[in-house]
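>>> Whatever this is, show me its structure:
(chains A, B and C)
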Amino acid sequence: MKYIDEFRNIDLVRKLTELIYKSVIHDYTFMEVCGGHTAAIHRFGIPHLLPENIRLISGPGCPVCVTGTEFIDKAIAYSKMEEVIICTFGDLIRVPGSISSLENEKAAGADIRIVLSGLEAFEIAKINTEKKVIFLGIGFETTAPGTAVTIKLAEKDNVKNFFLLCAHKIMPPAMEAIIKGGTNLDGFICPGHVATITGSDIFDFIPGKFNLSCVITGFEPADILQSILMLVRQVNRDDPKVEIQYNRAVTHEGNILAQRHLSQVFEPCDELWRGFGIIPGSGLRLRKEYEKFDAEKTMPVNVKFREEDALCICGDILRGLKTPEDCALFAKTCIPEDPSGACMVSNEGTCNTWYKYRHNE
Amino acid sequence: MCLSIPARIVSIDGSMAEVSAGGAIFKAGLHMIENVKVGDYILLHAGFAIQKISEKEAEETLRLFEEMNTSLDV
Amino acid sequence: MKELVIHGINTDIMNDFISLNHGSGGKLSRDLIERVFVTRFGISEPLTDSAILNDSGFTLAFTTDSYVVDPIFFPGGNIGKLSVCGTVNDLAVSGADPKYIAASFIIEEGFPVNDLKMIAESMAEEAFKAGVRIVTGDTKVVEKGKCDELFITTSGIGILKSGMEYLSTGGLIKPGDKLLINGPLGNHAISVLGARNKLSFSTPVTSDCASLNHLIKRVLQNCKEIRFMRDLTRGGLATVLNELTGMIGMGITLNEDSIPVDEPVKGLCEMMGFDPLYLANEGKVLIVAGAGEEKRVLDILRSDPLGKYSEIVGEIIPDKRKFVILNTSIGGKRILDMMSGLQLPRIC
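Below is the predicted model:
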């Protein structure tokens, strides 16, 4: 497939790996903050190809993993209402809430549907006019503009039964929280698809304020390896900056149209990240003029949510401070079939990925 | 985040398009991009085309890869 | 079966839809069975509770499976065809010669009789292709909502030469033995998914649903060193390989490059975040062949339409940890674990 196969070419991968080996002069720690990168790195067996002194750690890049228990509990509460249809991306269906999960509620008879897009949820609302359709808005800057477009379409078509339960988040404040939280890093493998929307400038503060290297990276093996090479070279030269490796999709200014949709519909707010607590300005909420689509404003629910198992260290894992193997629950009581924390639920959650590929040679 | 793959536009109908990934056809909203035509490649994410893929940049990257000489360190 | 005689009502009429009366055991039941199933399956009268079959002196392989696929019609097949292929294949991979099938139907009230006829027709056609006979069956009708349109259970009997148990247990497998599959993975799962989600996406993919007994028989007749066979249904190749390593206490290496996957399946998997190695197939078999025999097995497989795209995909290795290791297409390595739960479409 075009734009995929060429970047999975084994000779190219060998060349890049050789260059990396030739370039390393000390230890390096790079963090990726994108579930897509976590998955790609492990799916292709990239750690196996790298020299031992390059350490790759996973940050809070999986929106499922950082979605709080309270959000799931609220979604479940809504799903129990007679006239409600919940529409969600597949990622969220197994995330454990305080007591249950959307998957369990679906099995018990709640009308919970997996959709591939906000537009599908919108169609469901237009067909089922007697029901209230609540779309669970998760995802970062890559996904939020799509939700914004959907809300605008609902406004334009005067659709009264479509709602959003919003947990959209934005990356830079979380990355800053990680840096300030003491995680020892040399640089970031920056999320390529977030940057497709936002442009590369949103990461300028990282080298600017904190002297850490940044390379905005694509998702194929050659992309990731080239980025690692670029990061190693930046560190060697002590020349931290933001570079774009993924230039076939990312520009400095990003997708202006998408940004416009986003800012028309959403505004920043403080947001709870599982494992981090509240990070100021890191979430998105509907602007006042679109509040009629906000599920929480139009149909408030009260949920009492339970704190996670004290032994669950998802927070430390999401910050890159610990690895799954440091967790007492990992692979013992916390397994993909029965997850304790969200890191184990999502296919790209650090713990899930580690569990699947835990014996990498 | 961001499972998104390059897909080729096979048909356009107003603000929606059908795009092909290896022959699997998906619907894509074109609300976030402009000036696309059948045959263009876009990045598909959660039912929307989030960017057009620059053929020029992709070819440039691949060309640079070709030219990479592993005897060079810098 | 008890005859229910109702005066004044013409019980000869074949309605368009199954009603609860069709399941009562009376004349309507009999009509249903005769008109939809018996003539098509070639079952001879009188109909008795069980089919008595004379095959003495041989070991009989006996299997059963239920089919609840949704939707019941999908590109490349339907629930009926599936129920015959699935049971035939279960028998064939144990080395048995599939002979007889029993078919039970649980039908939801309101189900169109024409659809039932089409499904029965498919079953008859597939049984003929496989050289098996559907010899007995049962029908039940349940109230609307009590089952999802139609459920089928098939049980099958095959004749087995004694001493072939190793084909199912892997008892003769040695390090160095080679792994083969007879074609691209994931087509069944993707075709069913596409049929279920017509609004979200579409693919040109059709189910690979097929009876493999003739293909397998040719392999067994022409190759001496066949160590193990299993069909790759739910959970896909990765699941079967994990089951195998568990049974034999050895490891497996698998070469990603040699595993065939059709382009649209690849495209869909990339978009949804699925792994083709875990997707269900209904016309694929894993064969373990003794080292040195694999080329011959490959030739025989490839000379058959159901094995045109066969490949040698891996090898048995001594490994007490019993890992299934994938050598990725870019030279990396990763462990293929047992599938943990259904694969779900992701945005992330």
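
>>> Only C-alpha atoms, please: export stretch C:293-311 in PDB.
Coordinates of each C-alpha in stretch C:293-311 appear next as PDB, following Å, rounded to 0.1, in the frame of the first residue of the first chain:
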ATOM      1  CA  GLU C 293       8.900 -32.800   3.400                       C
ATOM      2  CA  GLU C 294       7.600 -29.300   3.300                       C
ATOM      3  CA  LYS C 295       8.300 -28.600  -0.300                       C
ATOM      4  CA  ARG C 296       6.300 -31.600  -1.400                       C
ATOM      5  CA  VAL C 297       3.400 -30.600   0.800                       C
ATOM      6  CA  LEU C 298       3.600 -27.100  -0.600                       C
ATOM      7  CA  ASP C 299       3.500 -28.400  -4.200                       C
ATOM      8  CA  ILE C 300       0.400 -30.500  -3.500                       C
ATOM      9  CA  LEU C 301      -1.300 -27.700  -1.700                       C
ATOM     10  CA  ARG C 302      -0.600 -25.200  -4.500                       C
ATOM     11  CA  SER C 303      -1.900 -27.600  -7.200                       C
ATOM     12  CA  ASP C 304      -5.400 -27.300  -5.600                       C
ATOM     13  CA  PRO C 305      -7.700 -24.300  -6.000                       C
ATOM     14  CA  LEU C 306      -8.100 -24.200  -2.200                       C
ATOM     15  CA  GLY C 307      -4.300 -24.000  -1.800                       C
ATOM     16  CA  LYS C 308      -3.100 -21.800  -4.600                       C
ATOM     17  CA  TYR C 309      -1.500 -19.300  -2.300                       C
ATOM     18  CA  SER C 310      -0.100 -21.700   0.200                       C
ATOM     19  CA  GLU C 311       3.100 -20.800   2.000                       C
END
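
>>> Now do the buried residues in that stretch.
Neighbour counts over stretch C:293-311 (16 or more other Cβ atoms under 10 Å in any protein chain shown) mark C:293-294, C:297-298, C:300-301, C:304, C:306-307, C:310-311 as buried. Quick note: C-beta positions are derived from backbone N, CA and C, even for glycine.

>>> Counting by contacts, list what the helix or strand containing residue B:64 packs against.
Assigned by DSSP states H and E, residue B:64 falls within helix B:55-67. When contacts are defined as 3 or more Cβ pairs under 8 Å, 6 or more residues apart in numbering or on different chains; DSSP states H and E, helix B:55-67 sits against helix A:10-23.

>>> how about the nearest residue to the closest residue to chain A within the stretch 151-300 of chain C, chain neighbours excluded?
Proximity of the stretch 151-300 of chain C to chain A (Cβ to the nearest Cβ) peaks at residue C:200, 5.0 Å away. Distance criterion Cβ to Cβ, 6 or more residues apart in numbering or on different chains; nearest residue to residue C:200, sequence neighbours excluded, is residue A:116 at 5.0 Å.

>>> List the contacts of that neighbour.
Shown in contact with residue A:116 (Cβ atoms under 8 Å, 6 or more residues apart in numbering or on different chains): A:89, B:26, B:46-47, C:200-201, C:272, C:345, C:347.
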